[in-house]
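K.L.:
dropping a prediction and its sequence here:
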Amino acid sequence: MTTNEISTPADSPTQSASADGVATTTSLPPFGELAVMLTGTLVLPGDPGWPAASSAWNLAVPQRPAAVVVAESAADVVTAVRFALRHHIRVSAQPGGHGATTALDDTILIRTRGLADIWIDADNAIARVGAGVKWVELQSALDGTGLTGPMGSSGDVSVTGFCLGGGLSMFGRTTGVGAHAVRAAEVVDGLGRHRWIDDSTDPELMWALRGGGGDFAIVTAVELSLTAAPEISGGRLVFPATDAPTVWRAYAEITGTAPDELTLFASMLHFPPIPELPEEIRGQSLCAVDAVYLGSVDALDALLVPIRAAGIVVRDTVRPLAPGEVGTVCEEPDDPSPAYLGTTTLGRFDDDVIDTILARAATPACGVLQVQIRHLGGALLTPSENAVCRRITAAYSVMAMTMVPVPEAMPAAHASVAAILADVEEFYGGPLSVSMLGDNDPLAAAFSPEVIARLRVAKNAADPDGVFRSSRPVI
């Protein structure tokens, strides 16, 4: 046992692999043996709870794992990994279903939602959370502390998964990507060892975990640096779609000089006329600007004057926010839904870019539900040498997303999103983080060939039998 290995009651793994060194499944293993070793639950195809246990949050992506382990503890993760090693089957982890992918097919899928511990050291601005903790849960625990974590736009995403993928934070212009906040991690590695690691004990694995995705180990907890946030304010400004040209130009003006404490998104929204939507947005096309600011609401209101003056404000939710309310600003859904999205970046956001995007995206005929522009820059430009997600050099990102109510609608959804992104190819601003990649984007859209080669070395060192399979496989 190494000095940083955590003792567990599970038995030791048998080291084995296929001829090419990658774990494989030649027949279904005896899952009954695994079931009796768990304190959590094993769910198999045909069981009553199988559809809910195996499905991704994005219902448009059909996941077909061989079995699902609903873990109650890190020891359950160790047990599942060691079982997989003995029986030559791959393992994947998904706390609540975000990160949907068919790459998880035929794996043992570990649901880590039950690893829900939260520990906060407010004096030293540090948090330690289990792999199943969602951002809304950590942020709510920080209410009243004057601190915030580097959360993204959705409170429903897990802290661990967000940081492993890089993580574009709502405070990223002040703090950098979410991965840069990771101080240490509790992992189960490819030898089935339960370890607590940091830069002093395993710097190469820590480098890979900070933005390289979940292909290197099953992370059961992370320790994060928090950011001082005595005041937070933010909200959404909504305008008629016809005001988009003037609103987006005002957005471009503000983001050209915005302080790092301010994050702004601008969106075109085309809501379908379906009864599931609230009446006030059903069948409507709207333009929205979302704002989050590390400061007072009065200071934010002053910064937003040009945007409010650019059109008819039909809805205004800007207000002081507690840390636990940050995930409500963009009004993203928490319930699973079928969708398809794609992303790219921009080196600039000026009249040419605005006219190019709105020429297609301003009307429902574009076929997408949302086209969203995110202002980057600030601390996101500051490089971190100990993170694979070193920095984001683009000035803005573009995301196009649409719903896929039935599988037959996927080709049209793909074509609509692809058309939006093709329009702005000439304005490309540079690579994305893994968490910002679209559904069909390869790892090469985030990293150079040299970085991918280093990731493969890190993968082979941490997971020599190739037992782990993430949503963005390195090998």
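P.N.:
Sure, I can see it. Numbers count the residues shown, from 1 in each chain.
K.L.:
who's in contact with the closest residue to residue 329 other than its chain neighbours?
P.N.:
Distances taken as Cβ to Cβ, 6 or more residues apart in numbering place residue 234 nearest to residue 329, at 4.8 Å, with adjacent residues excluded. In short, each C-beta sits where N, CA and C put it, glycine included. Going by Cβ atoms under 8 Å, 6 or more residues apart in numbering, residue 234 touches 170, 290-293, 300, 318-319, 321, 326, 329.
K.L.:
and those, which of them are buried?
P.N.:
Among the contacts of residue 234, the ones that count as buried by 16 or more other Cβ atoms under 10 Å are 170, 290-293, 300, 318, 321, 326, 329.
K.L.:
just these: which are in strands?
P.N.:
Within the buried ones among the contacts of residue 234, residues falling in strands by DSSP state E are 290-293, 321.
K.L.:
list the helices and strands the helix or strand harbouring residue 458 packs on?
P.N.:
If you go by DSSP states H and E, residue 458 is part of helix 449-462. In terms of contacts (3 or more Cβ pairs under 8 Å, 6 or more residues apart in numbering; DSSP states H and E), helix 449-462 is packed against helix 203-209.
K.L.:
so which elements touch the helix it packs on?
P.N.:
strand 182-188, strand 194-198, helix 449-462.
K.L.:
buried ones in that helix, by neighbour count?
P.N.:
Buried, per 16+ other Cβ under 10 Å, within helix 203-209: 204-209.
K.L.:
and residue 473, what pLDDT?
P.N.:
pLDDT, residue 473: 88.
K.L.:
burial check on residue 192, number of neighbours?
P.N.:
Using other Cβ atoms under 10 Å, residue 192 is surrounded by 25 other residues.
K.L.:
and for residue 40?
P.N.:
That count, for residue 40 with other Cβ under 10 Å as the rule, works out to 22.
K.L.:
identify the residue nearest it in space, chain neighbours excluded?
P.N.:
Spatially, and ignoring its direct neighbours in sequence, residue 40 is nearest to residue 72 (4.0 Å; Cβ to Cβ, 6+ apart).
K.L.:
phi, psi for that neighbour please.
P.N.:
phi -100, psi -10 (degrees, to the nearest 10).
K.L.:
for it, give its distance to residue 209.
P.N.:
23 Å (Cβ to Cβ, to the nearest Å).
K.L.:
ditto for residue 469
P.N.:
From residue 469 over to residue 209 the distance is 16 Å, taken as Cβ to Cβ.
K.L.:
residue 99 and residue 161 touch, don't they?
P.N.:
Yes: counting by Cβ atoms under 8 Å, residue 99 does reach residue 161; the two are 6.0 Å apart.
K.L.:
mutual contacts of these two, please.
P.N.:
Contacts common to residue 99 and residue 161, judged by Cβ under 8 Å, 6+ apart, are residue 214.
K.L.:
mind checking the SS state of residue 281?
P.N.:
State at residue 281, reduced to three classes by DSSP: H, G, I helix; E, B strand; the rest coil: coil.
K.L.:
who's in contact with the most centrally placed residue in the chain?
P.N.:
Centroid-nearest residue in the chain: residue 162, 4.0 Å away (criterion: Cα atoms, centre = their mean). By Cβ under 8 Å, 6+ apart, residue 162 lies in contact with 135, 151-152, 178, 435.
K.L.:
check residue 399 too.
P.N.:
Here residue 399 is in contact with 341-343, 370-372, 374, 436, 438 (Cβ under 8 Å, 6+ apart).
K.L.:
so which residues of this protein form helices?
P.N.:
31-37, 50-54, 74-87, 135-141, 159-164, 172-175, 203-209, 244-255, 297-303, 305-308, 351-361, 410-423, 449-462 (DSSP state H).
K.L.:
any regions of this structure where pLDDT drops low?
P.N.:
Low-confidence segments of the chain (pLDDT under 70): 1-27, 97.
K.L.:
now with 80?
P.N.:
1-28, 96-103, 274-280, 438-440 (pLDDT under 80).
K.L.:
show me what contacts residue 38?
P.N.:
For residue 38, the contact set (Cβ under 8 Å, 6+ apart) comprises 69, 71-72, 76, 79-80.
K.L.:
sorry, back to before: farthest-separated two in the buried ones among the contacts of residue 234?
P.N.:
Longest distance between any two of the buried ones among the contacts of residue 234 is 14.2 Å, between 170 and 318; criterion Cβ to Cβ.
K.L.:
surely residue 465 is in contact with residue 189?
P.N.:
No: shown here, residue 465 and residue 189 do not form a contact pair, counting by Cβ under 8 Å, at 10.7 Å.
K.L.:
re earlier: and of the helices of the chain, who's closest to residue 391?
P.N.:
Closest of those to residue 391 is helix 172-175, at 10.5 Å (criterion: Cβ to Cβ).
K.L.:
ok, residues contacting that closest one?
P.N.:
Applying Cβ under 8 Å, 6+ apart, the external contacts of helix 172-175 come out as 150, 169, 178, 181, 227, 258, 260-263, 294, 375-380.
K.L.:
on that earlier part again, in strands, which of the contacts of residue 162 appear?
P.N.:
Among these, no member falls in strands (DSSP E).
K.L.:
in the sheet, who's paired with the closest residue to residue 303 other than its chain neighbours?
P.N.:
With Cβ to Cβ, 6+ apart as the criterion, residue 303 has its nearest non-adjacent residue at 6.0 Å, and that residue is residue 262. With DSSP bridges applied, residue 262 shows beta-bridge pairing to residue 293.
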